[in-house]
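K.L.:
This is the structure alone, sequence omitted:
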C-alpha cells in the first residue's frame with residue numbers, strides 16, 4: 001500500500017527555486033515534478049517526487065538512514081530536496097560516470113535475481129555520490145535549521 005504524498009504547487013516550486021538560489025547563486029536550477037525525487041545535472045533540473053511512496057522502500061530507507069553515522073532526526077521531504085541540491089554541490093564528473101555504470105550493474109544484478117530489493121536499495125544509497133549528497137544535505141540542514149524549518153512551514157511538508 002502506498003502513502004499519499006502532497007503535490008507541490010507552482011508557489012511551492014518557486015519557493016524551492018528561491019531557496020536553492022539562496023544556497024548557491026550560481027545554481028540556476030529548474031524545479032519540475034516527476035514520479036520521484038531526482039536531479040538531472042546536464043539539464044540543471046531537480047524533480048520533486050509526487051508519486052505515492054512505496055511503504056517497503058520507505059521502510060528500507062529509514063532502516064538504512066538510521067544506521068548511518070551522520071543520522072539525525074529530520075523532515076525527510078526537506079532532506080530529499082536538499083539531497084538533490086547536494087548532487088549539484090558535490091558534483092564530480094568522474095563519480096557521475098562511475099555512478100551511472102554502477103547503477104546499471106545494480107539493475108542487472110537485481111533483474112537477474114542475484115540481489116534482492118533491500119540489497120539493491122542499500123547498495124544504491126551507499127554509492128559514493130549518493131552518500132556525498134546525503135551528507136551534504138544533513139550538514140546543510142544542521143547548519144541552517146531555522147532557515148530549513150521556515151521552508152518546511154511554508155511548504156507545509
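P.N.:
Done, it's in. What you see is a predicted model, and the numbers here were worked out from it, not measured in a lab.
K.L.:
any idea how far residue 99 lies from residue 28?
P.N.:
23 Å (CB to CB, to the nearest Å). Backbone N, C-alpha and C define where each C-beta goes, glycine included.
K.L.:
okay, these two: which has more neighbours?
P.N.:
When residue 99 and residue 28 are compared for neighbours, residue 99 comes out ahead with 17 against 10, by other CB atoms under 10 Å.
K.L.:
secondary structure element for that one?
P.N.:
Using DSSP states H and E, residue 99 sits within helix 93-111.
K.L.:
Beyond that helix, next helix or strand please.
P.N.:
According to DSSP H and E, the helix or strand after helix 93-111 is helix 117-125.
K.L.:
ok, residues contacting the following helix or strand past that following helix?
P.N.:
Remark: after helix 117-125, the chain's next helix or strand is helix 128-143, criterion DSSP H and E. Outside helix 128-143, the residues that touch it by CB atoms under 8 Å, 6 or more residues apart in numbering are 23, 68, 70-72, 74, 78-79, 82-87, 89-90, 92, 95-96, 98-99, 124-125, 148.
K.L.:
change it to 6 Å
P.N.:
70, 74, 79, 82, 83, 86, 87, 89, 90, 95, 99, 148 (CB atoms under 6 Å, 6 or more residues apart in numbering).
K.L.:
So what does the fourth one look like in phi/psi?
P.N.:
Here the main-chain torsion angles of residue 82 (degrees, to the nearest 10) amount to phi -60, psi -30.
K.L.:
The third one too?
P.N.:
Geometry field for residue 79 lists phi and psi as phi -70, psi -40, criterion degrees, to the nearest 10.
K.L.:
so who does it touch?
P.N.:
Shown in contact with residue 79 (CB under 6 Å, 6+ apart): residue 137.
K.L.:
That one and residue 119: what is the separation?
P.N.:
On the measure of CB to CB, residue 79 and residue 119 end up 23 Å apart.
K.L.:
Ok, residue 69 next?
P.N.:
From residue 69 to residue 119 the distance is 21 Å (CB to CB).
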